[in-house]
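S.K.: pasting the structure only:
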C-alpha cells in the first residue's frame with residue numbers, strides 16, 4: 001500500500017508554503033537519528049533527492065536509510081487484523097456490511113503508515129522489490145500472496161483470502177514519489193477490490209496520497225492526505241477525507257467521512273484519528289460509537305514458510321543477508337549484498353533482452369478496463385466509472401490467478 005522511508009525524535013511541524021532547501025543549505029541542517037559516521041553521507045543523499053527530477057523510487061538508497069523490509073511485504077498490512085477481514089460477510093444489512101468494510105479498511109492504516117514511525121522509530125525506505133519477487137504468509141486463517149508484477153514502473157500485486165467466510169481481496173499499488181517543499185509526496189496509483197462470495201458483491205477501493213515529512217532531519221514520518229472512496233456493487237458508498245495537521249495547534253491523522261445507501265441517503269458519519277481511535281455515528285443520532293482502536297489491537301503475526309523451503313525470489317530469502325547486516329549496523333556489508341542483488345537483476349534483464357524474452361508473472365494476470373471479459377471485470381469497470389475523477393486507479397486490475405471469486 002506504501003512507499004516507506006525505523007530511531008527517535010520529535011516530529012517536525014508541517015508547513016504551508018514550504019520551499020525546498022538549496023544544496024548549500026543542506027550542509028547546515030541538523031540531522032537526527034542517523035549514526036554520526038553516516039551524517040555526511042546522508043546529507044549527500046538529501047542533495048541527490050532534492051535535485052532529482054524523476055520518480056524517487058528509482059534512486060539507489062544508502063544502506064543506513066533502509067528499514068530491512070521489502071516494499072512487497074507491505075501488502076501484508078491489508079490483513080493486519082484478520083477478524084476484521086473475515087467478519088465482513090456476517091452482516092445481513094448492506095449498510096452494516098459497508099460499515100464492516102470501513103472498519104477493516106481503518107484496521108489496515110496503522111500498520112501501513114504508522115507502525116514503522118511510532119514508539120521511537122522513524123520511517124525509512126524499504127528495499128525496491130525485484131521483478132518476480134514473491135512474499136507469502138498466513139495471518140491467522142487469512143492467506144496472503146504477493147508478487148512484484150512490474151519493475152518499470154514498480155507495481156506490487158497482492159491477494160488476501162479467507163475461504164471459509166468467502167472473503168477475498170485483489171489489489172495492486174504503484175508508488176510515484178517526488179520531493180515537494182520539505183517533504184516527499186507519494187501518489188499511490190492502483191486499486192483494491194474486495195469480493196464477498198456469499199453476497200456476490202464487489203467493493204472498489206482507491207488509496208490516499210502520502211506526505212513523508214521530517215526527511216530533511218532524518219526523523220521521517222508519514223501523514224496521509226486527500227480522499228479515499230469505497231464503492232460497492234450494491235450501490236452503498238463510503239467516502240473518507242484525510243485531514244492534515246493544522247499549521248498551528250491541532251492533532252495529526254484526523255479523518256472525516258460518511259456512508260450513504262444506494263439512494264444517496266447518509267447512514268453513518270465517520271470521525272476520529274486513523275492512527276488512534278476512529279468512530280461512527282448513526283444518522284439522526286449524536287452518540288459516537290467506536291469503529292476501530294488502532295492502539296488497542298495488536299497486529300497479527302506473519303507466519304512465513306521456513307527459509308530453507310523458500311524460493312530464492314521470496315522476500316525474506318532474497319534480502320536475508322542485507323537484513324542481517326542492517327541489524328548489526330554493518331552498512332558496508334549491507335551495501336555490498338544489496339549491490340549483488342542489483343547486479344544480478346541487471347544481468348537477468350540483459351539476458352532476457354538478448355533472447356527477446358518477455359517475463360510473465362507467475363501468480364497474477366492483468367485485466368484491462370477497456371476489454372472486460374467476465375461479469376466480475378464488467379462490474380469493476382462500472383465501479384471505476386463511479387469513482388471520483390481524481391482517483392489514481394491505473395488502466396486495469398491485477399488479479400490472482402486462483403482468486404476465490406473464480407472458483408465455483
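M.R.: Nice, thanks for sending it over. Remember, predicted model here, so these are calculated numbers, not experimental data.
S.K.: any residues touching stretch 259-268, and which ones?
M.R.: 94-95, 98-99, 102, 234-238, 258, 270, 280-283 (C-beta atoms under 8 Å, 6 or more residues apart in numbering). C-beta here means a position set from N, CA and C on the backbone, and glycine is covered the same way.
S.K.: can you give me how far that stretch is from the chain middle?
M.R.: Between the centre of stretch 259-268 and the centre of its chain there are 28 Å (C-alpha atoms, centre = their mean, to the nearest Å).
S.K.: do the same with stretch 343-361
M.R.: Worked out by C-alpha atoms, centre = their mean, stretch 343-361 lies 27 Å from the chain centre.
S.K.: Mind listing what's buried along it?
M.R.: 345, 361 (16 or more other C-beta atoms under 10 Å).
S.K.: out of the contacts of stretch 259-268, which are buried?
M.R.: 94-95, 98-99, 102, 234, 236-238, 258, 270, 280-281.
S.K.: List just the nearest of the residues you listed to residue 373.
M.R.: Nearest to residue 373 among these is residue 234, at 22.8 Å by C-beta to C-beta.
S.K.: quick one: contacts for residue 380?
M.R.: So residue 380 contacts 193, 202, 204, 367, 369, 372, 397 (C-beta under 8 Å, 6+ apart).
S.K.: no wait, residue 335
M.R.: 62-63.
S.K.: where's it relative to residue 397, distance?
M.R.: 37 Å (C-beta to C-beta, to the nearest Å).
S.K.: Off-centre distance for the lengthiest helix in the chain?
M.R.: The longest helix of the chain (DSSP state H) is helix 331-354. For helix 331-354, the separation from the chain centroid amounts to 25 Å (computed by C-alpha atoms, centre = their mean).
S.K.: Also stretch 50-67?
M.R.: 18 Å.
S.K.: Next, the buried residues of it.
M.R.: In stretch 50-67, counting by 16+ other C-beta under 10 Å, buried: 50, 55-57, 61-67.
S.K.: Below-threshold pLDDT in the stretch 151-300 of the chain: ranges please.
M.R.: Scanning the stretch 151-300 of the chain for pLDDT under 70 picks out nothing.
S.K.: Among the buried ones among the contacts of stretch 259-268, which pair sits farthest apart?
M.R.: Pairwise over the buried ones among the contacts of stretch 259-268, using C-beta to C-beta, the maximum falls at 234 and 281, 22.1 Å.
S.K.: quick one: the helices in the stretch 51-200 of the chain?
M.R.: 82-86, 94-113 (DSSP state H, counting those that start in this stretch).
S.K.: can you pull out the strands in the stretch 251-400 of the chain?
M.R.: Along the stretch 251-400 of the chain, the segments classed as strands by DSSP state E, counting those that start in this stretch run 254-260, 266-273, 277-282, 289-293, 364-368, 396-400.
S.K.: List the buried residues of the second one.
M.R.: Buried positions in strand 266-273, judged by neighbour count with 16+ other C-beta under 10 Å: 267-273.
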